[in-house]
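> quick one: sequence plus predicted model below, questions after.
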Amino acid sequence: MSLLPETCRRIDGIAARAQSAGRVPSLALAVVRDRVVLHFASAGEQPRPDPKTQYRIGSITKTITATMVMQLRDEGFFSLDDLLYRHLPGTPIGGITLRQLLGHVSGLQREPDGPWWERHPGGDTEKLLAELTYEKLAGAPYRRFRYSNLAYGLLGTVLERVTGMSWGDLAGKRVLDPLGMKRTSYHPVEPYARGYVVHALSGALHEEPRPDTGAMAPAGQLWSTVTDMAKWAGFLADPAPAVLARETVDEMCAPVVISDLESWTAGHGLGPQLFRVGERVYVGHGGSMPGYLAHVAVHRGSRLGAVVFANAYGIDGTTIQQISLEALTAAVDSEPVAVPVWRPPAAPQGEAAEICGRWWWMGREHSITPDGDTLLMSGPFAETRYAREAPDRWRGLSGPNEGEVLRILRNPEGQADRLDIATFLFSRDPLHLA
């Protein structure tokens, strides 16, 4: 499985130009699909990167924290609409919810108190909580998007309080180990790229510290590799049920807030960031720590993703996000979409056999066809997939009638005569309008 030669040349060019013009010691760029690296492009020599070289991923860590929050929600430990004081009693900012913290709409300020947490060893959760005051609310919840590292430090504290385990142990047990992300770690493990600030005038490299960020680790502590981020991108595109149900990942990737109200090119879900490029929306997250930049973006429809790492705190003339989105768009534009093989479906049985065929609503024809254990209803504008949940009762699984109930209405002879879908009546008679 690989990319077309022309796509590979474009990706190689994107990486080479970004590293050279951006004055980055090393840059790693990969296009991935289905948890596999399709093409890896590297540029720079300090170090010369390969797919298993670790870089610090910064705030991509937040998507792993968010995944654990959603796991515990699904397991019944709490609701996303729980107020914070329920899990952190006595906090003066307890009137905000877990959902608001996840989506960066809590109103919390961006950073905790004290020295810049990214460049100094972090304190423990007790210190983080002791420094919370009402003044940490810089605005009203849901008033607008306000990115907050502090919010994810608090979410990590909630995870620890609820489970009795450290955030680092939870991340390994609940996400990294099940997904086989063996080169993603709390502390760097050789081989890893040293991170630098590049002097604006001389080009000299200043190596940055690599502290344990303590209570703020859930916001940006982790280290990873291109190979492991390919697995993470694959999870966002095609979730592993052992980690999180597809429906829950879909929920995470739905917009909570548009962060760019002028042009609607960016938003935030329950953990992932959303990026609109043309008519497509990608999901993923960016990350930065002193000496490091990282980005992962995924087009869920094609399951293609891009992963970018750099060991500098800035890239002249561009951003890590622009590099990632340019590479992903090049791949999605260029790579052919696999055409599925058509196979005749098994003959429908029982109720499915009764209602397959042609139906009309307000003079417009719709058809119901079998598709495995489900039925697909197609009409002039859209289609909905249904699954049987009780006699004469089917539930919409996808499409415009997702969640709606299809009821089979029978005539006195017991034959399926009409379909009631959310009060809209469908008939076998093209002239039936009621």
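Looks like it arrived, so ask away. These numbers come from a predicted model, not from an experiment.

> bridged to residue 197, which residues?
Counting by DSSP bridges, residue 197 is bridged to residue 206.

> burial check on it, number of neighbours?
The number of residues packed near residue 197 is 15, by other Cβ atoms under 10 Å. Where you see a C-beta, it was placed from the backbone N, CA and C, and this is true even at glycine.

> remind me what the lowest-mean-pLDDT helix or strand in the chain packs against, helices and strands.
Sorted by mean pLDDT, DSSP states H and E, the helices and strands of the chain end with helix 125-130, the least confident at a mean of 89. On a contact count with 3 or more Cβ pairs under 8 Å, 6 or more residues apart in numbering; DSSP states H and E, helix 125-130 meets helix 149-163.

> kindly export the helix it packs on (C-alpha atoms) in CSV.
C-alpha atoms of helix 149-163 as CSV (Å, rounded to 0.1, in the frame of the first residue of the first chain):
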residue,chain,number,x,y,z
ASN,A,149,-4.4,24.5,28.9
LEU,A,150,-5.6,24.9,32.4
ALA,A,151,-8.9,23.2,31.5
TYR,A,152,-7.1,20.0,30.5
GLY,A,153,-5.0,20.1,33.6
LEU,A,154,-8.2,20.0,35.5
LEU,A,155,-9.7,17.3,33.4
GLY,A,156,-6.6,15.2,34.1
THR,A,157,-7.2,15.8,37.8
VAL,A,158,-10.8,14.6,37.5
LEU,A,159,-9.6,11.4,35.8
GLU,A,160,-7.2,10.8,38.6
ARG,A,161,-9.8,11.4,41.3
VAL,A,162,-12.4,9.2,39.7
THR,A,163,-10.1,6.3,39.0
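
> for the most centrally placed residue in the chain, what are its contacts?
For the chain, the residue sitting closest to the mean C-alpha position, by Cα atoms, centre = their mean, is residue 272 at 4.0 Å. Residue 272 sits next to 63, 66, 236, 252, 253, 283, 284, 285 when contact means Cβ atoms under 8 Å, 6 or more residues apart in numbering.

> from those, which land in helices?
Among the contacts of residue 272, the ones falling in helices (DSSP state H) are 63, 66, 236, 252, 253.

> let's have those in TSV, adding neighbour count and distance to residue 140.
Shown next, in TSV, are the ones in helices among the contacts of residue 272 (neighbours: other Cβ atoms under 10 Å; distance: Cβ to Cβ, whole Å):
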residue	neighbour count	distance to residue 140
63	24	26
66	22	23
236	24	31
252	22	24
253	21	26
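
> would you turn these into JSON lines with pLDDT?
Putting the ones in helices among the contacts of residue 272 into JSON lines (pLDDT from 0 to 100) gives the following:
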{"residue": "63", "pLDDT": "98"}
{"residue": "66", "pLDDT": "98"}
{"residue": "236", "pLDDT": "98"}
{"residue": "252", "pLDDT": "98"}
{"residue": "253", "pLDDT": "98"}
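
> between those residues, which is nearest residue 95?
Closest approach to residue 95 among the ones in helices among the contacts of residue 272 (Cβ to Cβ): residue 66, at 21.1 Å.

> correct me, but the closest one touches residue 102?
Yes. Residue 66 lies in contact with residue 102 (Cβ atoms under 8 Å); the separation is 5.6 Å.

> in stretch 76-91, what's buried?
The neighbour-count check on stretch 76-91 (16 or more other Cβ atoms under 10 Å) flags 80, 84, 87, 88, 91 as buried.
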